[in-house]
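A.B. asks: coords please:
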Amino acid sequence: MEKNPVTRVPIDTHYLKHILVALLNIPSPSGYTDQIVHFVGQELQRLGIAHNVTRRGAIRATLKGRMRDTLDRAVAVHLDTLGAMVRRVKPNGRLAIASVGTWSSRFAEGGRVTVYADSGPVRGTVLPLKSSGHAYGETVDTQPTGWDHVELRVDDKGQQPGEKIRTDIQIGDFVAFDALPEISDGGFINARHLDDKAGVAILLTVAKALKEEKIDIPIDCHLIFTIFEEVGSGASAAVYGDVTEMVVIDHAPVAPNQNATEFHAVVCMMDQTGPFDYHLSRKLLALGRENGIDLIKDVFRFYRSDSASAIEAGNDTRTALLGFGLDGSHGYERTHMSSLIAVADLTALYVQSAPTFSRDKDTLASLNGFPHQPDREVIQIET
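C.D. replies: Take a look at the predicted model:
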């Protein structure tokens, strides 16, 4: 791997918190992301970072490098979150809903939501079908978990029993869950949708730091903000063939059988789609080790990211996954500022680093310069 001088840049933690809360308070379930695309685009414009938007809304911004060749790199995050959609208006005026993205209905129960009807937003609450111990007694504890066992109670007089049912809420209307962000004095951040609003906040904070410090980076770095990651197709657009290597910033699930913590940056070595690039992952580990960043490794068995959609779309791009530790992922999530700062520090160092391999500028090339992985010593046996 090639070397390039890198320096730690100051991370504006006040900006990181401020932009994170602003992002969390903008509803953006997959398929209903226009508002947050406008917000991020305006923030990039305010920071003086050139960007373009795809037909459906993915953003590709660019930090220009001093080398003018085809060795572009990218850092990707996703703007979309989990949510739901109206699938039926029930006779009692309440709504049956289907999940947008993969998550358990047990984390939807009790959630305050907005239904985006054509006539305007309507507020409501998602409840289990048996939602009152006073009405159902002990049977409230025997109800199964599943999207067929919850309903959305709309805050509208016309939704009460015996009243005329509103007709302006329709099948297919989006349902967005309130994020309810809370940042403690001790640095803990609790909210829905930290996956991946925290990653977006990190990337914007890094871009701001590099611009303000006037850091000279070696090659163009594209900042990619995808909009369909939670439903599997996020980075299938906006990467393109000019990106030779890409780091995805997303959450690292914290659980008893995982190595990730809420206080470190995490390099994921493999997820359910397979191993990440050997050399790019170890480059991140080396950058962290050499610069004193709290960094650990993990493997995620039930997880995929924008890396998978980029590769599945046919991009021959080296990819790695850098995560902030997240407890309770796809539910009421929690992370810590120390993890976000560690990821921001490492991302800023990566953007400053030399291309992993200069050979990668060519789509097809000879074996000259192709890297090696460690191998056992081959013993020659005389005959």
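A.B. asks: any idea how far the strand or helix carrying A74 is from the chain center?
C.D. replies: Under the criterion of DSSP states H and E, A74 resides in strand 72-78. Strand 72-78 sits 12 Å away from the centroid of its parent chain (CA atoms, centre = their mean, to the nearest Å).
A.B. asks: That strand: which residues count as buried?
C.D. replies: By 16 or more other CB atoms under 10 Å, the buried positions in strand 72-78 come out as D72, R73, A74, V75, A76, V77, H78. Where you see a C-beta, it was placed from the backbone N, CA and C, and this is true even at glycine.
A.B. asks: ok, so of these, who is nearest R60?
C.D. replies: Nearest to R60 among the buried residues of strand 72-78 is A74, at 8.2 Å by CB to CB.
A.B. asks: partners of the closest one in the sheet?
C.D. replies: On the basis of DSSP bridges, A74 is bridged to H222, M246.
A.B. asks: Please verify my assumption that it contacts T226.
C.D. replies: No - taking contacts as CB atoms under 8 Å, A74 lies outside contact range of T226: 10.8 Å.
A.B. asks: Now do the strand holding A74: which elements does it pack against?
C.D. replies: With contacts defined as 3 or more CB pairs under 8 Å, 6 or more residues apart in numbering; DSSP states H and E, the packing partners of strand 72-78 are helix 194-212, strand 221-226, strand 243-254, helix 306-312, helix 337-352.
A.B. asks: Partner strands of the following helix or strand past it and their direction?
C.D. replies: Under the assignment DSSP H and E, the closest C-terminal helix or strand after strand 72-78 is strand 83-89. Strand pairing for strand 83-89, determined by DSSP bridges: strand 95-100 (antiparallel), strand 174-177 (antiparallel).
A.B. asks: Domain map for this protein?
C.D. replies: According to automatic domain parsing, the chain comprises the domains 13-81+193-361, 83-177.
A.B. asks: And those: which comes nearest V6?
C.D. replies: V6 lies closest to domain 13-81+193-361 among the domains of the chain, at 4.2 Å (CB to CB).
A.B. asks: mean confidence score for the closest one?
C.D. replies: Across domain 13-81+193-361, pLDDT averages out at 96.
A.B. asks: That one: how far from the chain's middle?
C.D. replies: Its chain's C-alpha centre and that of domain 13-81+193-361 lie 7 Å apart, by CA atoms, centre = their mean.
A.B. asks: first to last residue in that domain, what's the distance?
C.D. replies: 36 Å (CA to CA, to the nearest Å).
A.B. asks: any idea how far the closest residue to S184 other than its chain neighbours is from P374?
C.D. replies: The shortest distance from S184 to any non-neighbouring residue, by CB to CB, 6 or more residues apart in numbering, is to N190 (7.8 Å). Going from N190 to P374 by CB to CB, to the nearest Å gives 42 Å.
A.B. asks: out of the two, which sits in the more crowded spot?
C.D. replies: N190 (17 against 5; other CB atoms under 10 Å).
A.B. asks: Contact partners for the more buried one?
C.D. replies: The contact partners of N190, taken as CB atoms under 8 Å, 6 or more residues apart in numbering, are L180, P181, E182, I183, S184, Y332, E333, R334.
A.B. asks: Doesn't the last one belong to a strand?
C.D. replies: This means R334. Yes - with DSSP: H, G, I helix; E, B strand; the rest coil as the criterion, R334 is assigned to a strand.
A.B. asks: and it, how many neighbours?
C.D. replies: By other CB under 10 Å, neighbour count at R334 equals 19.
A.B. asks: Equivalent analysis for the fourth one, please.
C.D. replies: Applying other CB under 10 Å, we find 14 residues neighbouring I183.
A.B. asks: hang on, isn't it packed against K17?
C.D. replies: Yes - assessed by CB under 8 Å, I183 is found in contact with K17 at 5.9 Å.
A.B. asks: Pull up the overlap in contacts between these two.
C.D. replies: Jointly contacting I183 and K17 under the rule CB under 8 Å, 6+ apart are M337.
A.B. asks: Quick one: the strands in the stretch 51-200 of the chain, in order.
C.D. replies: 51-53, 59-63, 72-78, 83-89, 95-100, 112-117, 120-128, 150-154, 174-177, 182-183, 188-191 (DSSP state E, counting those that start in this stretch).
A.B. asks: quick one, which of those strands is packed in tightest?
C.D. replies: strand 72-78 (a mean of 27; mean count of other CB atoms under 10 Å).
A.B. asks: what's the angle between that one and strand 221-226?
C.D. replies: For strand 72-78 against strand 221-226, the angle by axes from the mean of the first three to the mean of the last three CA atoms, to 10 degrees is 30 degrees.
A.B. asks: Right, I'll leave it there.
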